[in-house]
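J.: Output the structure for:
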Amino acid sequence: MSGPRPSALLSAKLLGYLAAIITVSIWAAFLVGTRFAITKNFSVEEILILRLLPAAIIMAPLMLQLGILPPGNNLITRLIFALGASALFPWVLSVGLYYSPASNAGALAPGTLPFWTALIAYLIVHEKPEFSRQIGLFIILFGALLIGILKLDADIANLTWVGNILFLLGAALWAIYSVLFRQSGIAPLHGLVIGLFWGSIVFVPILLIFGEVSFQHANLSNIFLMIILHSFIVGILAMLLFTYAVKILGAAQTAAFGALTPILSMLGGIFLLDEIITPVKLLGICLVTIGVVFASGALRFTKK
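T.: Down below sits the predicted model:
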C-alpha cells in the first residue's frame with residue numbers, strides 16, 4: 001500500500017507553515033490591539049469579558065459534548081486548568097499592557113515562555129533540556145534583562161517596570177499550565193472549552209462586581225471589533241491553528257515560529273502605537289528572538 005504522494009506531503013507542510021505564521025501574527029496583534037484598547041477606550045475588565053463570554057457562547061455545544069470538569073488529582077491543578085489559560089493569564093498580561101508597551105510584552109511574555117516552560121518542566125517532571133536548548137534559554141534570559149525587567153524607575157509616574165514584571169509572571173503561569181496540560185493527555189479543544197466555561201462562570205462575575213465595567217468610553221463598533229479580536233481570533237482561531245501546526249510540523253518547529261512574535265510586536269508598537277525602541281531594547285528583543293529559536297530545539301549543535 002503506497003503512502004501519501006510527495007505533492008500532498010508538501011502541500012500539508014506548506015499549510016502547516018502558514019498556520020504557524022498566522023498564529024504568531026495573531027499573538028502579536030493581540031498584544032498590540034490590547035495595548036491600544038486599554039490606553040484608549042476600554043478597561044482591562046471590559047476586555048476580558050469580551051474575550052470570555054462570546055467565545056463561551058459559541059463553544060457551548062462542545063462543552064456539552066466534551067465535558068467541563070477540569071482534570072487533575074488536586075485542587076490547585078484543577079484551578080489552573082479551569083482558570084489559568086482562559087482568565088488568569090490574559091488578565092495578568094492585559095494589566096501589564098496597561099503599564100508597559102506592546103514591544104516589551106512581545107519579548108517578555110511569549111518571548112520568555114520557553115525559559116519558564118523549561119524551568120517548570122524541570123521542577124515538576126525533572127525534564128532537563130539538551131545543551132543547545134540550554135544555550136537558547138540563557139540567551140533569552142540575557143535579552144530580557146537588557147529590555148529592563150530589573151529596572152525600577154525613579155519616577156513614580158512611570159510604572160513600566162510593573163508591566164514588565166507582570167509579563168514575566170503571565171509567561172510563568174502559562175508555562176505551568178502548559179506543563180500540566182501536557183501531562184494530562186486531554187485534547188487541546190477539550191482544554192479550551194474547560195477554560196472558557198469556568199472562566200465565564202467564575203471570573204466574569206468577579207470582574208462585574210469588583211472591576212470597571214461600564215463600556216461608557218466605547219461605542220458598538222469598538223465593542224464588536226474587540227469581540228472579533230479577543231473571542232474569535234485569539235480565543236478560538238489561534239488555538240486551532242496552533243494545534244494544526246503542531247500536528248503537521250511538530251512541536252519544536254512550530255515553537256520556533258514563536259520567535260517572530262517579539263519582532264512583530266515591536267513593529268506593531270512602532271508603526272501603530274508610536275512606541276520608541278532604544279538601541280539597548282532592540283538588542284534585547286533580537287537576543288530573545290534568537291534564544292527562542294535555539295530553546296525550541298529547531299536548531300541544534302553538539303556539545304564538545
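J.: Check which helices and strands the lengthiest helix in the chain is in contact with.
T.: Longest helix in the chain, counting residues (DSSP state H): helix 6-38. When contacts are defined as 3 or more Cβ pairs under 8 Å, 6 or more residues apart in numbering; DSSP states H and E, helix 6-38 sits against helix 44-58, helix 89-99, helix 102-108, helix 220-226, helix 238-249, helix 251-257, helix 260-273. Heads up, the C-betas are built off the backbone N, CA and C, glycines and all.
J.: CA-only coordinates of the last one in PDB, if you can.
T.: Same thing as helix 260-273. Provided in PDB are the C-alpha atoms of helix 260-273 (Å, rounded to 0.1, in the frame of the first residue of the first chain):
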ATOM      1  CA  LEU A 260       8.500  36.100  15.200                       C
ATOM      2  CA  THR A 261       6.200  37.300  18.000                       C
ATOM      3  CA  PRO A 262       8.700  39.800  19.600                       C
ATOM      4  CA  ILE A 263       9.700  41.200  16.200                       C
ATOM      5  CA  LEU A 264       6.000  41.600  15.000                       C
ATOM      6  CA  SER A 265       5.000  43.100  18.400                       C
ATOM      7  CA  MET A 266       7.900  45.600  18.100                       C
ATOM      8  CA  LEU A 267       7.000  46.600  14.600                       C
ATOM      9  CA  GLY A 268       3.300  46.900  15.600                       C
ATOM     10  CA  GLY A 269       4.300  49.100  18.500                       C
ATOM     11  CA  ILE A 270       6.500  51.300  16.400                       C
ATOM     12  CA  PHE A 271       4.100  51.800  13.400                       C
ATOM     13  CA  LEU A 272       0.700  51.600  15.200                       C
ATOM     14  CA  LEU A 273       1.300  52.900  18.700                       C
END
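J.: So which elements touch that helix?
T.: Taking 3+ Cβ pairs under 8 Å, 6+ apart as the contact cut, helix 260-273 packs with helix 6-38, helix 102-108, helix 279-295.
J.: now do the first one
T.: Applying 3+ Cβ pairs under 8 Å, 6+ apart, one finds that helix 44-58 makes contact with helix 6-38, helix 89-99, helix 188-198, helix 204-210, helix 220-226.
J.: So for residue 118, which of the ones you listed sits nearest?
T.: Closest of the helices and strands packed on helix 44-58 to residue 118 is helix 89-99, at 17.9 Å (criterion: Cβ to Cβ).
J.: Give me the contact list for that closest one.
T.: 31, 34-35, 38-39, 44, 47-48, 51, 105, 109, 159-160, 162-167, 169-170, 173-174, 177, 203 (Cβ atoms under 8 Å, 6 or more residues apart in numbering).
J.: From these, list just the buried residues.
T.: 31, 34-35, 38, 44, 47-48, 51, 105, 109, 160, 162-167, 169-170, 173-174, 177, 203 (16 or more other Cβ atoms under 10 Å).
J.: residues contacting the residue lying closest to residue 117 once chain neighbours are set aside?
T.: In space, residue 117 comes closest to residue 175 once its chain neighbours are excluded; the distance is 4.2 Å by Cβ to Cβ, 6 or more residues apart in numbering. When contacts are counted by Cβ under 8 Å, 6+ apart, residue 175 is found next to 113, 116-117, 119-120.
J.: how close does the residue lying closest to residue 222 once chain neighbours are set aside get to residue 226?
T.: Leaving aside its sequence neighbours, residue 222 sits nearest to residue 41 (Cβ to Cβ, 6+ apart; 5.8 Å). Counting by Cβ to Cβ, to the nearest Å, the separation of residue 41 from residue 226 is 10 Å.
J.: and what of residue 79?
T.: 27 Å.
J.: For the residue nearest to residue 222, give me its contacts.
T.: Going by Cβ under 8 Å, 6+ apart, residue 41 touches 217-218, 222.
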